[in-house]
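Q: just the structure for this:
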Amino acid sequence: MSRGTSGLLIASIDPTLKKRLYSRLAADGQTYKGWLLQRLDRYLDQAQLPLYVVDSPSPSGNTSTSGPRRAARSKKKRRS
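A: Presented below is the predicted three-dimensional model:
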């Protein structure tokens with residue numbers, strides 16, 4: 001699908017799905033454009049959040065993460 005510069009987003013979807021979407025939006029008092037802009041803003045904001053790498057599960061089944069939380073945990077003093 002080509003990308004133009006007009007600001008229009010065009011996608012072909014199932015007519016039944018389109019009808020359901022517009023019915024739901026009308027019931028919620030929303031427009032398609034308003035709903036789409038809210039969703040796009042939320043999606044793009046999430047894309048700017050820092051990513052955390054999930055390591056493989058430990059034998060206990062827990063999963064450790066790489067990132068600020070893991071770094072803070074490694075700075076704690078260990079008891080002898």
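
Q: residue 17 versus residue 45, what's the distance?
A: Residue 45 is 26 Å from residue 17, where distance means C-beta to C-beta, to the nearest Å. C-beta coordinates here come from the backbone N, C-alpha and C atoms, glycine included.

Q: ignore what I typed, I meant residue 11.
A: Using C-beta to C-beta, residue 11 is found at 11 Å from residue 17.

Q: residues contacting residue 8?
A: Remark: with contacts taken as C-beta atoms under 8 Å, 6 or more residues apart in numbering, residue 8 is in contact with nothing.

Q: tell me which element it is part of?
A: Using DSSP states H and E, residue 8 is not contained in any helix or strand.

Q: what ranges does the protein have for its helices?
A: 15-27, 32-47, 68-74 (DSSP state H).

Q: where among those helices is average confidence lowest?
A: Sorting the helices of the chain by mean pLDDT places helix 68-74 lowest, at a mean of 46.

Q: tally of neighbours for the closest residue in space to residue 31 that isn't next to it in sequence?
A: Using C-beta to C-beta, 6 or more residues apart in numbering and skipping residues adjacent in sequence, the residue nearest residue 31 is residue 25, 6.7 Å away. Neighbourhood size, residue 25 [other C-beta atoms under 10 Å]: 16.
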